[in-house]
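Novice: fold the following.
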Amino acid sequence: MTRDPDVRTGQCHCGQIRFQVELTDGFDTRRRCTCSYRRMRGAVAVSAGLDGMTVLSGEEKLSSYSFNTGSARSFFCSTCELYTHHQPRSDPQQHGVNVACLDNVSPFDFPEVPVLDGVNHPNDVGGPAVTVGTLRFEPAGETS
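Specialist: Now for the predicted structure:
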């Protein structure tokens, strides 16, 4: 039995960039990273194939940023400056999509998010990505 693809829509904060994405394994690929850029950005990302993302509107507002080796590219809205997705250095054939940009999804929907070692990047040290910790969200009790 084939599983229907997990197709989601999303947008930047101001709504000028709208996109549709087919997630690789739903939210099972959720993660954060300790590399300098992603650590400072703090977003939770999920995976989609390179051809699994379509910008529906606002492509002219999409800007990108690369650093260090220049092989990873992060994309953001040139108006509201919100990060929407990136092409990771470890697998340039995929996108990491900011879950906070997906319609009806919040990074706080996940009680646990694995944190990958981006300081000792797999492309630099060889071998697979290593999980160095887990980010946990424990909601406080309801307020009256």
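
Novice: so for the chain, the centremost residue is which one?
Specialist: What sits nearest the mean C-alpha location of the chain, by Cα atoms, centre = their mean, is A45, with 2.6 Å.

Novice: gap between that one and L23?
Specialist: Relative to L23, A45 is positioned 11 Å away (Cβ to Cβ, to the nearest Å). For every residue, glycine as well, the C-beta is placed using N, CA and C.

Novice: give me the common contacts of these two.
Specialist: Listed as contacting both A45 and L23 by Cβ atoms under 8 Å, 6 or more residues apart in numbering are T29, V97.

Novice: which residues touch the residue nearest to the residue nearest to the centre of the chain when sequence neighbours are not counted?
Specialist: Excluding its sequence neighbours, the residue lying closest to A45 (Cβ to Cβ, 6 or more residues apart in numbering) is G96, at 3.7 Å. Counting by Cβ under 8 Å, 6+ apart, G96 touches R31, A45, V46, S47, H85, H86, Q87, P88.

Novice: swap in I17?
Specialist: By Cβ under 8 Å, 6+ apart, the residues touching I17 are Q11, V55, S57, G58, E59, K61, L62, C77, T84.

Novice: S63 touches C77, doesn't it?
Specialist: Yes - S63 is within contact range of C77, at 7.4 Å (criterion: Cβ atoms under 8 Å).

Novice: for the record, mean pLDDT for stretch 60-77?
Specialist: Across stretch 60-77, pLDDT averages out at 91.

Novice: for it, measure first residue to last.
Specialist: Stretch 60-77 stretches 9 Å from its first residue to its last (Cα to Cα, to the nearest Å).

Novice: and G126, how far from N120?
Specialist: According to Cβ to Cβ, G126 and N120 sit 10 Å apart.

Novice: just F108 next, same as before
Specialist: According to Cβ to Cβ, F108 and N120 sit 28 Å apart.

Novice: out of those two, which sits in the more crowded spot?
Specialist: Neighbour tally, F108 and N120, criterion other Cβ atoms under 10 Å: the higher count belongs to N120, 14 against 11.

Novice: can you pull the pLDDT of the more buried one?
Specialist: For N120, pLDDT reads 83.

Novice: do the same with the one 4 residues further on
Specialist: Turning to D124, the model gives it a pLDDT of 76.
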